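Participant: Provided below are the primary sequence and the corresponding predicted coordinates.
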Amino acid sequence: MKFNIFDIRRQFPILGREVNGYPLCYLDNAATTFSPTVVLDKVREFETGYRANVARGVHRLASEATDAYESARASVAKYINAKDVNEVVFTSGTTGSINQLAFGLEGSINPGDEILVSTLEHHSNFVPWQMLCQRTGATLRLIPVSSEGILDLSAIGELVGERCRIIAVTQVSNVTGDIS
């Protein structure tokens with residue numbers, strides 16, 4: 001499937017801006033991702049039509065909000081081919097999600113354990129693991145990149161040892177655009 005970058009950019013109103021005389025180029029999506037018009041429209045519909053806590057009430061608005069939420073979860077599950085809709089968890093973003101994961105795994109990480117990340121990682125997938133290592137005495141090991149800026153996947157096999165507990169690698173680098 002081919003994508004027309006201009007068609008995609010038109011779906012995101014903020015990408016119509018110019019910065020320093022150039023079309024906005026944004027590489028910090030792990031921290032904050034822009035919303036396409038379809039999402040902005042759906043958020044406005046929610047805020048003006050049935051704003052309520054999901055799965056927390058028995059009134060009409062809560063029921064409508066819960067139905068919309070669960071419908072979205074089912075759509076995502078189908079899209080990613082999840083076996084069960086409960087495998088889909090919505091979070092505030094990458095940074096918060098990985099922080100939650102790192103804190104949740106803390107009790108399973110011991111001094112001398114190893115966590116592997118690449119040198120291409122956004123801070124949202126680097127700092128939480130770095131801090132987990134500092135809190136637990138684990139070792140953070142870095143997967144190198146080639147001189148072309150491409151993740152050296154062959155090095156992973158050499159770095160994984162008996163004490164490796166986590167491998168956290170980006171799918172697409174926000175720095176180089178490399179697809180791992």
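Facilitator: Yep, that arrived.

Participant: what about residue 43, distance to residue 113?
Facilitator: In this view, residue 43 and residue 113 are 41 Å apart by C-beta to C-beta, to the nearest Å. The C-beta positions use only the backbone N, C-alpha and C, and glycine is treated the same way.

Participant: can you tell me which residues contact the most far-flung residue of the chain relative to its centre?
Facilitator: The centre of the chain is farthest from one residue, residue 59, which by C-alpha atoms, centre = their mean lies 32.8 Å away. Each residue near residue 59 by C-beta atoms under 8 Å, 6 or more residues apart in numbering is listed here: residue 52.

Participant: Residue 128 too?
Facilitator: Listed by C-beta under 8 Å, 6+ apart, the contact partners of residue 128 are 95, 98-99, 101-102.

Participant: how near is it to residue 102?
Facilitator: Taken as C-beta to C-beta, the span from residue 128 to residue 102 is 4 Å.

Participant: any idea which element the nearest residue to residue 126 once chain neighbours are set aside lies in?
Facilitator: Nearest residue to residue 126 in three dimensions, chain neighbours excluded: residue 117, at 5.7 Å (C-beta to C-beta, 6 or more residues apart in numbering). Counting by DSSP states H and E, the element that carries residue 117 is strand 114-118.

Participant: what's the answer for residue 141, then?
Facilitator: Counting by DSSP H and E, residue 141 is found in strand 139-143.

Participant: Does residue 97 belong to a helix, a strand or coil?
Facilitator: helix (DSSP: H, G, I helix; E, B strand; the rest coil).

Participant: That one contacts residue 90, correct?
Facilitator: No: between residue 97 and residue 90 there is no contact under C-beta atoms under 8 Å: 9.5 Å.

Participant: Which one of the two is surrounded by more residues?
Facilitator: Neighbour count, other C-beta atoms under 10 Å: between residue 97 and residue 90, residue 97 has more, with 17 against 10.

Participant: so how far is residue 171 from the more buried one?
Facilitator: For residue 97 relative to residue 171 (C-beta to C-beta), the value is 14 Å.

Participant: Show me how far the strand holding residue 117 is from its chain's centre.
Facilitator: 17 Å (C-alpha atoms, centre = their mean, to the nearest Å).

Participant: Let me know how buried residue 169 is, in neighbour terms.
Facilitator: 16.

Participant: Domains of this structure: list them as residue ranges, please.
Facilitator: The chain breaks down by automatic domain parsing into domains covering 5-87, 94-168.

Participant: possible to save those domains as TSV with distance to residue 178 and mean pLDDT?
Facilitator: What follows is the domains of the chain, written out as TSV (distance: least, C-beta to C-beta, whole Å; pLDDT from 0 to 100):
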stretch	distance to residue 178	mean pLDDT
domain 5-87	13	93
domain 94-168	5	93
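
Participant: Residue 179 is nearest to which of those domains?
Facilitator: Minimum separation from residue 179 across those (C-beta to C-beta) falls at domain 94-168, 9.1 Å.
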